[in-house]
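Student: Return atomic coordinates for the entry below.
(one chain, ligands or ions: 1)
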Amino acid sequence: MDQLTVLIQELNRRIPQLELREQEPMAAHTTFRIGGPARLMALPRSRKEAMAAVRAARELDITPFFLGNGSDLLVSDKGYGGFVLKTTGLDDVREVCHRLRAESGIPLARLAMAAWGRGLTGLEFAHGIPGTLGGGVTMNAGAYGGELVQVLTSVTFLNEAGEVVTLPVEECALTYRHSLFTDHPEYLILEAEFELAQGVPSIIKIKMDELAQKRRSKQPLELPSAGSTFKRPEGYFAAALIEECGLKGVGVGGAQVSEKHAGFVVNRGGATADDVRRLMELVQSTVLRETGVALEPEVKFLGF
Ligand SMILES: Cc1cc2nc3c(=O)[nH]c(=O)nc-3n(C[C@H](O)[C@H](O)[C@H](O)COP(=O)(O)OP(=O)(O)OC[C@H]3O[C@@H](n4cnc5c(N)ncnc54)[C@H](O)[C@@H]3O)c2cc1C
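Tutor: Model (predicted):
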């Protein structure tokens, strides 16, 4: 019997209510709509279930992959032979002593709406980012001049020893699309706390609507993607470099450099992970040859 089969038995015994899926198609859990099956996926509905599942896996030397909304993720066509724990069932948000505290699986859009509903300003930029708070903290998600690091005060996570740790944001190493959690994929982010300023609800709403309109006009939201494919290289914009090299609209199989925004690779129908990888490599090698700039993927890879 392999370790994952033992894990299934253990999870059924210890947490009978935990939802488990075997051979779960990852294409259904990524915004690219690409990816073969995950051997085992758990969908906890509470922090307690999530922590118990992670601890059970660790006892068997299995390191789970933590999945939020899969909006920054390319999963291989053959899938992932390990254990995926999807956090979207952990979605509580509350106000504690004038601070907003939210669980890691909450969509950033809902978090921004919760802040607006309480007349709190500072999270408007996050409204259009299609990820969860956990993925957002991991990537220090940001847009239009805002970044999570500007409004976070602390992050609570489960470490590799199974302990719950809370660190002030200053100790979470959040920089551009990087954090303590990109360096430690074994940490499960459980919760984060925000300090937001008191604002005027109608003005907060206007700002969110303006940013949504900007996104709709500039980004290929009508096609599946994982957002910006590459990080912004120091002193440049990835999309401008890609366009300058004549790559806008170039495709490999079903994957294409978006005609609307060259920073996005889109799935124009039936794209495989292999198509996306080959297109990304083509873009990287062409941009390096033509401009001398090395593009680093922003998108994370699983199962390759
Ligand atoms: C159309 C579109 C527009 C986008 N626009 C933006 C933008 O403006 N700004 C921006 O920054 N990004 C943007 N993105 C990218 C993406 O939405 C963000 O990076 C988002 O924060 C990822 O969150 P997620 O829940 O989808 O993470 P996932 O893709 O599920 O995971 C990303 C990484 O975070 C880790 N992770 C997720 N949850 C946890 C957790 N609880 N604990 C530990 N690790 C965890 C995963 O293991 C993985 O390494 C865009 C994507 C799309 C598709």
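
Student: quick check, distance from stretch 294-301 to the centre of its chain.
Tutor: 13 Å (CA atoms, centre = their mean, to the nearest Å).

Student: hmm, I was thinking of stretch 48-59
Tutor: 21 Å.

Student: ok, it near the ligand or not?
Tutor: No - Stretch 48-59 stays clear of the ligand (CB under 6 Å from any ligand atom), getting no nearer than 8.6 Å. C-beta here means a position set from N, CA and C on the backbone, and glycine is covered the same way.

Student: Use 4 as the first number from now on
Tutor: I'll keep to 4 as the first residue from here, and by that count the last item is stretch 51-62.

Student: Flag every buried residue along that stretch.
Tutor: Residues of stretch 51-62 classed as buried: E52, A53, M54, A55, A56, V57, A59, A60, R61 (neighbour count, 16 or more other CB atoms under 10 Å).

Student: Need the residues that contact that stretch.
Tutor: The contact list for stretch 51-62, computed with CB atoms under 8 Å, 6 or more residues apart in numbering, reads 10, 13-14, 17-18, 20-21, 45, 47, 66-67, 86, 88, 90, 92-93, 161, 163, 165, 167, 191, 193.

Student: repeat that with 7 Å
Tutor: Surrounding stretch 51-62, the residues in contact under the criterion CB atoms under 7 Å, 6 or more residues apart in numbering are 10, 13-14, 17-18, 21, 45, 47, 67, 86, 88, 90, 93, 161, 165, 191.

Student: Now do that stretch, average pLDDT.
Tutor: Regarding stretch 51-62, the rounded mean pLDDT is 97.

Student: Can I get that stretch in CSV, CA atoms only?
Tutor: Extracted C-alpha coordinates of stretch 51-62, given in CSV (Å, rounded to 0.1, in the frame of the first residue of the first chain):
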residue,chain,number,x,y,z
LYS,A,51,-9.4,22.7,12.4
GLU,A,52,-10.0,20.2,9.6
ALA,A,53,-7.2,21.8,7.5
MET,A,54,-4.7,21.6,10.4
ALA,A,55,-5.6,18.0,11.3
ALA,A,56,-5.2,17.0,7.6
VAL,A,57,-1.8,18.6,7.3
ARG,A,58,-0.6,17.0,10.5
ALA,A,59,-1.8,13.6,9.4
ALA,A,60,0.1,14.0,6.1
ARG,A,61,3.3,15.2,7.8
GLU,A,62,3.2,12.1,10.1
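
Student: Contacts only, for the spatially closest residue to A105 that is not a sequence neighbour.
Tutor: Once flanking residues are discounted, A105 sits nearest to V96: 4.1 Å by CB to CB, 6 or more residues apart in numbering. Applying CB under 7 Å, 6+ apart to V96 gives the contacts L103, A105, I109, L114, A117.

Student: could you pull out the strands for the stretch 104-253 of the chain?
Tutor: 123-124, 145-146, 149-150, 155-161, 167-171, 191-197, 200-201, 228-231 (DSSP state E, counting those that start in this stretch).
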